[in-house]
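Q: here is a sequence together with a model predicted from it:
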Amino acid sequence: MLAVRATRRALLRGAAALPLLSAATRAQGFPTQPVRIVVPFPPGAADFLPRLIEPRLREVLGQPVVIENRDGASGMIGAAYVARAQPDGHTLLMTTPSSQITPLYLSRNMPYDPVRDFTPITAAAEAVTCLAVSAETSVRDAAGLVELARRSPGKLSYGSSGTGSVFHMTGEVLNEVAGLELMHVPFRGTGPAMAALLGRQIDALFCALVDARAHAEAGRVRILAVLEGERFAARPEIPTLAETVPSFRKPASWFGLFGPARLPEGVPARMHEAVVKVLAMPDISARLSDNGIRVVGSPPGAFAAQLREGIAQYGEIIRAAGLRPE
């Protein structure tokens, strides 16, 4: 709870720094109609955040907020839809690097430019992620998995929620910095990947902590490490992967809110302010912490910089792994 309160205080300080700009945007009357937030993935973990904040965001904005799933093509169908939408701020995109970064390198037919065709609004939050194995394996910790992989090059596998996902990239980073040859096995979502781990069809899985927690509590899965740079305050007993592999750094990961390019001046700041205000509400911040989600709330300019840094970082990972567009 201390971590939740600290996060809430930080967010409220950030919101308080915007009074003059927010007053100007309110004078423009935005929003004047329902706000639609497109999630370019199937219902599940990817739309947990927007659906959680939707009722409170509706209160703050004074207009209905509609969450719409438009999945397909690794998020590119929904993202392309928003890129072509009327640039008035009433159609937005909440997505991850899976639609905004990896297709630059792994798709031959990306139908939009993630920098030119969108307006970054905020990196709202980030899921705490982890490395997990079946509880039936003899591996007890991350060091044990790394040692086993080194003794058996090319024989151990790791699963992810799909090619180009942050979890795929995470495995490639671990291979690179630890000198391993873990084989990547992509699945269509975390659910099938977790089923494969439980069935011992794969040796390890990179996933969101919330997706592994119930299985770990039931004794079916062993969580070896979290992937962030520091231990998660709500589960401090779980070490970070960097404690075993000091050069490991998790690839860029966020739930980010974008609008089409050329949004009216003031609209990005207005939406950022509204989202930050909702994320700081006690019931919302507590639910996020309980579900292993860390609040970020970066403003538009900072998020634009994060996007550019992520594009460069993923490019280096993908080139080092020798991955090619499909």
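A: Thanks, I have it.
Q: ok, then the element right after the longest strand anywhere in the chain?
A: The residue-count maximum for a strand in the chain (DSSP state E) belongs to strand 118-127. In the C-terminal direction, the helix or strand that comes right after strand 118-127 (DSSP states H and E) is strand 129-134.
Q: only alpha carbons, please: show that next one as CSV.
A: Extracted C-alpha coordinates of strand 129-134, given in CSV (Å, rounded to 0.1, in the frame of the first residue of the first chain):
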residue,chain,number,x,y,z
THR,A,129,6.5,-9.3,-16.3
CYS,A,130,8.2,-12.5,-15.3
LEU,A,131,10.0,-15.7,-16.2
ALA,A,132,8.2,-18.9,-15.2
VAL,A,133,8.7,-22.6,-15.4
SER,A,134,6.5,-25.6,-14.6
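Q: after it, which helix or strand is next? Please name it.
A: In N-to-C order, the element after strand 129-134 by DSSP H and E is helix 142-151.
Q: immediately after that following helix, which helix or strand?
A: Counting by DSSP H and E, what follows helix 142-151 is strand 157-160.
Q: each with direction, which strands does that next one pair with?
A: Using DSSP bridges, the strands paired with strand 157-160 are strand 183-186 (parallel), strand 204-208 (parallel).
Q: just send these back as CSV, with mean pLDDT too.
A: Shown next, in CSV, are these (pLDDT from 0 to 100):
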stretch, mean pLDDT
strand 183-186, 96
strand 204-208, 96
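Q: need these in a markdown table with distance to Arg308 and mean neighbour count, can you?
A: C-betas here are computed from N, CA, C, even on glycine. Shown next, in a markdown table, are the strands paired with strand 157-160 (distance: least, CB to CB, whole Å; neighbours: other CB atoms under 10 Å):
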| stretch | distance to Arg308 | mean neighbour count |
| --- | --- | --- |
| strand 183-186 | 26 | 17 |
| strand 204-208 | 24 | 26 |
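Q: is Phe167 within a helix or a strand, and which one?
A: Using DSSP H and E, Phe167 falls in helix 166-178.
Q: convert that helix to PDB, retaining C-alpha atoms only.
A: Output of helix 166-178 as PDB, limited to C-alpha atoms (Å, rounded to 0.1, in the frame of the first residue of the first chain):
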ATOM      1  CA  VAL A 166       7.800  -8.000 -25.800                       C
ATOM      2  CA  PHE A 167       8.100 -11.600 -24.400                       C
ATOM      3  CA  HIS A 168       9.700 -12.800 -27.700                       C
ATOM      4  CA  MET A 169      12.100  -9.900 -27.600                       C
ATOM      5  CA  THR A 170      12.900 -10.600 -23.900                       C
ATOM      6  CA  GLY A 171      13.900 -14.200 -24.800                       C
ATOM      7  CA  GLU A 172      16.200 -12.900 -27.600                       C
ATOM      8  CA  VAL A 173      17.800 -10.400 -25.200                       C
ATOM      9  CA  LEU A 174      18.500 -13.100 -22.700                       C
ATOM     10  CA  ASN A 175      20.000 -15.300 -25.400                       C
ATOM     11  CA  GLU A 176      22.200 -12.500 -26.500                       C
ATOM     12  CA  VAL A 177      23.500 -11.300 -23.100                       C
ATOM     13  CA  ALA A 178      23.800 -14.700 -21.400                       C
END
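Q: identify the residues contacting that helix?
A: 96-98, 102, 129, 146, 149-150, 158, 160-162, 180-182, 184, 186, 205-207, 227, 241, 245, 247-253, 314, 317-318, 320-321, 323 (CB atoms under 8 Å, 6 or more residues apart in numbering).
Q: and if you look at stretch 228-237?
A: 2-3, 128-129, 209, 226, 238-240, 242, 249-250, 289-290, 292, 294.
Q: rounded mean pLDDT for that stretch, please.
A: Model confidence over stretch 228-237, given as mean pLDDT, is 92.
Q: buried ones in it?
A: Neighbour-count burial for stretch 228-237 flags 228, 231-232, 234 (criterion: 16 or more other CB atoms under 10 Å).
Q: please apply the same query to stretch 244-254.
A: 244-245, 248-254.
Q: do stretch 258-278 as well
A: Quick answer for stretch 258-278 (16+ other CB under 10 Å): 258-260, 263, 266-278.
Q: dump it to PDB, restricted to CA.
A: Output of stretch 258-278 as PDB, limited to C-alpha atoms (Å, rounded to 0.1, in the frame of the first residue of the first chain):
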ATOM      1  CA  PHE A 258      -2.200   7.400 -29.100                       C
ATOM      2  CA  GLY A 259      -4.300   9.500 -31.300                       C
ATOM      3  CA  PRO A 260      -4.100  10.000 -35.100                       C
ATOM      4  CA  ALA A 261      -1.600  12.500 -36.400                       C
ATOM      5  CA  ARG A 262      -2.400  16.200 -36.400                       C
ATOM      6  CA  LEU A 263      -4.600  16.200 -33.300                       C
ATOM      7  CA  PRO A 264      -5.800  19.700 -32.400                       C
ATOM      8  CA  GLU A 265      -3.500  21.600 -30.100                       C
ATOM      9  CA  GLY A 266      -4.200  20.900 -26.400                       C
ATOM     10  CA  VAL A 267      -6.100  17.600 -27.000                       C
ATOM     11  CA  PRO A 268      -3.100  15.400 -26.100                       C
ATOM     12  CA  ALA A 269      -2.400  17.300 -22.900                       C
ATOM     13  CA  ARG A 270      -6.100  17.100 -22.000                       C
ATOM     14  CA  MET A 271      -6.300  13.400 -22.500                       C
ATOM     15  CA  HIS A 272      -3.000  12.900 -20.700                       C
ATOM     16  CA  GLU A 273      -4.300  14.900 -17.700                       C
ATOM     17  CA  ALA A 274      -7.500  12.900 -17.600                       C
ATOM     18  CA  VAL A 275      -5.800   9.500 -17.700                       C
ATOM     19  CA  VAL A 276      -3.300  10.500 -15.100                       C
ATOM     20  CA  LYS A 277      -6.100  11.700 -12.800                       C
ATOM     21  CA  VAL A 278      -7.900   8.400 -13.200                       C
END
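Q: that'll do, ta.
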